[in-house]
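>>> okay, structure incoming, though there's no sequence with it:
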């Protein structure tokens, strides 16, 4: 293995491991020899498969990232089995899906305060708490790489024209505000911590990604793929290389940056 991208000695912690991307990230590290602890509220079929195939190097930790006590307990369990994490991938996030109640996907003026609180709590506060507790452990050990998964909608406003087909059929539908606000906050949380921990040998970067194919509505896919320069959504595996790069010695001089992999979305 190229030493530049060697992650075999890393102890990797991934939040939201049961999701589509979280399980991909976990498998990518596990196949390269790393030990991985995956955090989530539930075990998915993909997580169960990882537990079966990588029984010696993968552990699942049921944890609520919005709860400080739950995260502290997770750190204790990970340290007891593997040691202090050296890589943290803050992947867990929620959004209002297109199937959400009309009040969540309606006009900004009517967006519920409770929905705002829920998304900000998981996406931004959850990342902050995980950085504080897991990143703090790395800082004490003076070794680590924190990777905060951001989004194109943290850099630019959602393209509401993608949903015009729904409005034309009589629905009141707009991409909600909270997800964008939470992902934008992650970008500056990343910069803050990169500077704060620069002398403690803990690098902090963000990975800004675009949409991932997951059997979306055909009309939405047509609109999305017509807007993005490469003409398609990402496959779930197409961010693995970036995650490994940000965790590996290949990026050892990189901190406080955002690596954008978005099929050209933010280039236009």
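That came in fine, so what should we check first? Please read all numbers here as calculations on a predicted model, not as lab measurements.
>>> ok, and what's touching the helix or strand hosting residue 117?
Following DSSP states H and E, the helix or strand that holds residue 117 is helix 113-120. With Cβ atoms under 8 Å, 6 or more residues apart in numbering as the test, helix 113-120 has contacts from 94, 95, 96, 103, 104, 176, 177, 178, 179, 181, 182, 185. Glycine gets a C-beta too; all of them are placed from N, C-alpha and C.
>>> now with 6 Å?
Residues from elsewhere that reach helix 113-120 (Cβ atoms under 6 Å, 6 or more residues apart in numbering): 94, 104, 178, 179, 182.
>>> and for stretch 23-37?
7-8, 10-14, 17, 38, 46, 50, 54, 57-59, 61, 78, 82, 89, 236-237, 240, 243-244.
>>> so of those residues, which ones are in helices?
Among the contacts of stretch 23-37, DSSP state H puts 46, 50, 78, 240, 243, 244 in helices.
>>> got the contact list for the third one?
Residues near residue 78 by Cβ under 6 Å, 6+ apart: residue 37.
>>> out of the ones in helices among the contacts of stretch 23-37, who's nearest residue 155?
residue 243 (18.6 Å; Cβ to Cβ).
>>> tell me which element the residue nearest to that closest one when sequence neighbours are not counted is part of?
The shortest distance from residue 243 to any non-neighbouring residue, by Cβ to Cβ, 6 or more residues apart in numbering, is to residue 25 (5.2 Å). Assigned by DSSP H and E, residue 25 falls within helix 20-30.
>>> please apply the same query to residue 64.
Counting by DSSP H and E, residue 64 is part of no helix or strand.
>>> before we move on, the earlier item: need the buried ones from the contacts of stretch 23-37 selected in PyMOL.
Restricted to buried positions by 16 or more other Cβ atoms under 10 Å, the PyMOL selection for the contacts of stretch 23-37 reads:
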select buried, resi 7+10+11+12+13+14+17+38+46+50+54+57+58+59+61+78+82+89+236+240+243+244
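>>> same question for the biggest helix by length in the chain, mean pLDDT?
Longest helix of the chain, by residue count under DSSP H: helix 177-196. Averaged across helix 177-196, the pLDDT comes to 98.
>>> what is the burial count for the residue nearest to residue 110 when sequence neighbours are not counted?
Nearest non-adjacent residue to residue 110, counting by Cβ to Cβ, 6+ apart: residue 103, 6.3 Å away. Counted with other Cβ atoms under 10 Å, residues neighbouring residue 103 total 15.
>>> one step back: show me which positions of the helix holding residue 25 end up buried.
21, 22, 23, 24, 25, 26, 27, 28, 29, 30.
>>> now render those as TSV, adding distance to residue 222 and pLDDT.
Putting those into TSV (distance: Cβ to Cβ, whole Å; pLDDT from 0 to 100) gives the following:
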residue	distance to residue 222	pLDDT
21	23	98
22	28	98
23	28	98
24	25	98
25	29	98
26	32	98
27	31	98
28	30	98
29	35	98
30	36	98
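>>> ok, back up a step: okay, and which of the contacts of stretch 23-37 map to strands?
Mapping these onto strands (DSSP state E) picks out 11, 12, 13, 14, 38, 58, 59, 61, 89.
>>> for residue 268, state which of those is nearest.
Once Cβ to Cβ is applied, the member of those that ends up nearest residue 268 is residue 89, at 28.6 Å.
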